[in-house]
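Peer 1: Here is my input, please return the structure:
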Amino acid sequence: MSFCCILLALSFFMQEHNHWKAVTPILVYVAVIVYSIAYSLGIAGLPWVIMSEIFPVNIKGSAGSLVTFINWSCSWIVTYTFNFMFEWSAPGTFLIFACICGLTVLLIAKVVPETKGRALEELQASLANFLQ
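Peer 2: Down below sits the predicted model:
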């Protein structure tokens, strides 16, 4: 996803400076399609998978509602601010998104616990140790 955002930024940068005007629409199309595929296969379902594996049964309903609310609220914020950012700078917008995607990978690698073969109590203990 980060690579696709960088490719989008490069495409809009080249378009603004009248370089490769015939190629930039193709680059944008490919970057958006690959981004959509990477998002769908990678991070799109992550909140629900993590939520189902780390929350105990007695709070799964409330926690699920909270996670869904936060997820959709963040989606609304990104959608709302996109036009303002794009008017400011199209390449800059996608470079910011590329940085956010890269930081997301680092955050997930650092914070999200491995759940395969672990009991719920072990997961909660590892999260409690991380938060302290």
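Peer 1: Every contact and neighbour count from this point should use C-alpha atoms.
Peer 2: Noted.
Peer 1: For residue 63, give its distance to residue 91.
Peer 2: 37 Å (CA to CA, to the nearest Å).
Peer 1: of the two, who's got more company?
Peer 2: More crowded of residue 63 and residue 91, by other CA atoms under 10 Å: residue 91, with 23 against 16.
Peer 1: Check what pLDDT the more buried one gets.
Peer 2: Residue 91 carries a pLDDT value of 95.
Peer 1: now residue 76
Peer 2: 97.
Peer 1: give me phi/psi at the residue sitting furthest away from the middle of the chain?
Peer 2: Farthest-out residue of the chain from its mean C-alpha position, per CA atoms, centre = their mean: residue 18, at 30.7 Å. Note on residue 18: backbone dihedrals following degrees, to the nearest 10 are phi 60, psi 40.
Peer 1: ditto for the one 3 residues further on
Peer 2: In this entry, residue 21 is assigned phi and psi values of phi -60, psi -30 (degrees, to the nearest 10).
Peer 1: Contacts only, for it.
Peer 2: 14, 15 (CA atoms under 8 Å, 6 or more residues apart in numbering).
Peer 1: From residue 94, how far off is it?
Peer 2: With CA to CA as the criterion, residue 21 and residue 94 are 19 Å apart.
Peer 1: cool, residue 72 as well?
Peer 2: For residue 72, the distance to residue 94 - CA to CA - is 21 Å.
Peer 1: Between these two, which is the more surrounded one?
Peer 2: The residue with more neighbours, out of residue 72 and residue 94 and counting by other CA under 10 Å, is residue 94; that gives 23 against 11.
Peer 1: now the helix or strand hosting that one: how far from the chain's centre is it?
Peer 2: For residue 94, the host element (DSSP states H and E) is helix 90-111. Mean-position distance between helix 90-111 and its chain equals 7 Å (CA atoms, centre = their mean, to the nearest Å).
Peer 1: Tell me the buried residues in stretch 64-74?
Peer 2: 64, 67 (16 or more other CA atoms under 10 Å).
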